[in-house]
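Chemist: What follows is a predicted protein model with its sequence.
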Amino acid sequence: MDKLIINGGRPLKGEIEVSGAKNAALPVIAASILASGESTINKVPGLRDVKTMGRLLTNMGAEFSHKGSKAIINTDKINNCEAPYELVKEMRASVLVLGPLLARFGRAKISLPGGCAIGARPINLHLMGLEKMGAKIELEAGYVIATAKRLKGASIYFDTSTVTGTENIMMAAALAKGVTVLENAAREPEVIDLASALRAMGAKIKGDGESVIEVEGVDELKPFTHTVIPDRIEAGTFMTIAGITGGDVTIRGCMLDHLHAFLIKLKAAGIKFEEVSNGVRVIGPMRPKAVDIKTAPYPGFPTDMQAQFMALMSIAQGTSIITETIFENRFMHVAELMRMGADISFKGSTATVRGVKKLKGAHVMATDLRASASLVVAALRAEAETTLHRLYHLDRGYEKMEEKLKRLGANVRREKG
Ligand code: EPU
């Protein structure tokens, strides 16, 4: 298993470019299943999760190629409507093929994703929505087997705002007979990006980006060309890195509108930023100020930035209270940050971070994607050497992380193992 070795303590300076968003690319790739033919998707990041989605499609009989940042998918020959256990256990987002397979082929067999490092993460709301649309759902030997002659439009209310749940139902509804209304739908930019890809396929969707989405089903969708939005979480991670190292970093290609709540907190922490052409320049202080955060569905503070922000707060002046409201087990990074000298305690969903003057390098273990990112953020500030184990978590979601860090002057290297 690869490791990342970071010698921290130096301000990072320079310029990097943000990649396409993982969480936008995955549903847009899944959407290609809805039409027969060749679709082209630009700005698809080179990540392990994208590879897994590609394997899922080829396992179904589709052709998938990904060169540079362009993915070309041909779905003419799909003959197997299954997402097997081996692939779903690698990546929960595999469940995104459920809606498209069922809508186009009338059946789907998907391994039920189990719990994961950040929480139980059930898919009951995806299944509830499909059932309301007339699908028959059976559970058999760890698999969801969904069948429907043709899905029908329905009125669907989500008790909890769910990103991939909203995406799955939006894709299924695009080919259903009649109108589907999704209430308390997720408003994330990735949902809007998927809606615009679906519109390029001929889907009729209104209200994406708001909490009520209306989809008028059509009989057929066509292949499409789409460019994925920039990764707001990667941009936020690099802004945090600039902040924690007292650096001066310009991040090109990001959309600041997608980071509003995060930017309010970054500013309150004393980190300066200014919009520059096609990006943002971030200048970090010697030590940030303590700021409280509470995660919430978009447009609230993103849960996917909570761990990185906690790393920043670990060296702040003062005490910060961090509340996680989306996932019940998303504090796995706390114990690892403490190995580096952070002073953090937590009870239930609330962490108290008492800022310390210094962090010190240590051996630390990545437990999930964003926890890994928080350890990289902390290691770049820490004195001496940090070894980050189980690097594969980071490779799931950050394209060329160490190359980008090196470009900013970081002392970082990967050890193959
Ligand atoms: N939930 C249910 N039932 C469902 C679906 C969700 O109870 O059927 C609950 C979840 O357990 C959670 C809450 O609803 O407590 C929100 O979960 P959501 O469904 O929105 O999460 P997701 O769609 O599985 C996506 C991202 C995550 C990101 C979350 C929240 C993708 C592929 N994944 O997951 O990204 O944290 O939304 O914003 O879009 C990451 O990139 O590191 C990552 C984990």
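Modeler: Perfect, I can see it now.

Chemist: C-alpha from now on. contacts and neighbour counts both.
Modeler: Fine.

Chemist: what residues does the stretch 251-400 of the chain put near the ligand?
Modeler: Contacts of the stretch 251-400 of the chain with the ligand, taken as C-alpha under 6 Å from any ligand atom, map to 303, 304, 326, 327, 369, 370.

Chemist: could you dump those to a markdown table with pLDDT, neighbour count and secondary structure?
Modeler: A markdown table is the format used below for those (pLDDT from 0 to 100; neighbours: other C-alpha atoms under 10 Å; DSSP: H, G, I helix; E, B strand; the rest coil):
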| residue | pLDDT | neighbour count | secondary structure |
| --- | --- | --- | --- |
| 303 | 98 | 22 | helix |
| 304 | 98 | 20 | helix |
| 326 | 96 | 21 | coil |
| 327 | 94 | 15 | coil |
| 369 | 94 | 20 | helix |
| 370 | 96 | 27 | helix |
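
Chemist: Show the subsequent helix or strand relative to the helix or strand bottoming out on mean pLDDT in the chain.
Modeler: Counting by mean pLDDT, DSSP states H and E, the weakest-scoring helix or strand in the chain turns out to be helix 392-395, with a mean of 92. Next along the chain after helix 392-395, taking DSSP states H and E as the criterion, comes helix 401-407.

Chemist: residues of that following helix that come out buried?
Modeler: Residues 401, 402, 404, 405 are the ones in helix 401-407 that count as buried (16 or more other C-alpha atoms under 10 Å).

Chemist: which outside residues touch that helix?
Modeler: 14, 15, 16, 412, 413, 414 (C-alpha atoms under 8 Å, 6 or more residues apart in numbering).

Chemist: For residue 309, give its distance to the ligand.
Modeler: Applying C-alpha to the nearest ligand atom, to the nearest Å, the value for residue 309 to the ligand is 14 Å.

Chemist: swap in residue 197?
Modeler: Taken as C-alpha to the nearest ligand atom, the span from residue 197 to the ligand is 16 Å.

Chemist: Mind listing what's buried along the strand or helix carrying that residue?
Modeler: Here residue 197, judged by DSSP H and E, is contained in helix 189-200. Neighbour counts over helix 189-200 (16+ other C-alpha under 10 Å) mark 189, 190, 191, 192, 193, 194, 195, 196, 197, 198, 199, 200 as buried.

Chemist: likewise stretch 138-158?
Modeler: Within stretch 138-158, the residues that count as buried by 16+ other C-alpha under 10 Å are 143-148, 150-154, 156-158.

Chemist: now stretch 382-401
Modeler: Counting neighbours by 16+ other C-alpha under 10 Å, the buried set in stretch 382-401 is 382-383, 385-399, 401.

Chemist: The closest residue in space to residue 352 that isn't next to it in sequence: what secondary structure?
Modeler: Among residues not flanking residue 352 along the chain, residue 321 sits closest, at 4.8 Å (C-alpha to C-alpha, 6 or more residues apart in numbering). Following DSSP: H, G, I helix; E, B strand; the rest coil, residue 321 is assigned to strand.

Chemist: how near is residue 321 to residue 12?
Modeler: 27 Å (C-alpha to C-alpha, to the nearest Å).

Chemist: now the helices for the protein?
Modeler: Secondary structure of the chain (DSSP state H): helices at 22-31, 48-60, 85-88, 98-105, 124-132, 163-174, 189-200, 232-244, 260-268, 306-313, 332-339, 369-381, 392-395, 401-407.

Chemist: relative to helix 22-31, how tilted is the fourth one?
Modeler: The reference is to helix 98-105. For helix 98-105 against helix 22-31, the angle by axes from the mean of the first three to the mean of the last three C-alpha atoms, to 10 degrees is 20 degrees.

Chemist: Poorly predicted segments of the stretch 101-250 of the chain, please.
Modeler: 114-115 (pLDDT under 70).

Chemist: Could you rerun that using 80?
Modeler: Along the stretch 101-250 of the chain, the parts satisfying pLDDT under 80 run over 114-120.

Chemist: which bits of it sit near the ligand?
Modeler: Residues of the stretch 101-250 of the chain lying near the ligand (C-alpha under 6 Å from any ligand atom): 120-126, 160-165.

Chemist: can you list those in CSV and add neighbour count?
Modeler: Shown next, in CSV, are those (neighbours: other C-alpha atoms under 10 Å):
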residue, neighbour count
120, 13
121, 15
122, 13
123, 16
124, 10
125, 20
126, 21
160, 13
161, 20
162, 20
163, 18
164, 23
165, 24
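
Chemist: which of these lies closest to residue 230?
Modeler: residue 163 (17.2 Å; C-alpha to C-alpha).

Chemist: Spatially, and excluding backbone neighbours, which residue is closest to the closest one.
Modeler: residue 186 (5.3 Å).
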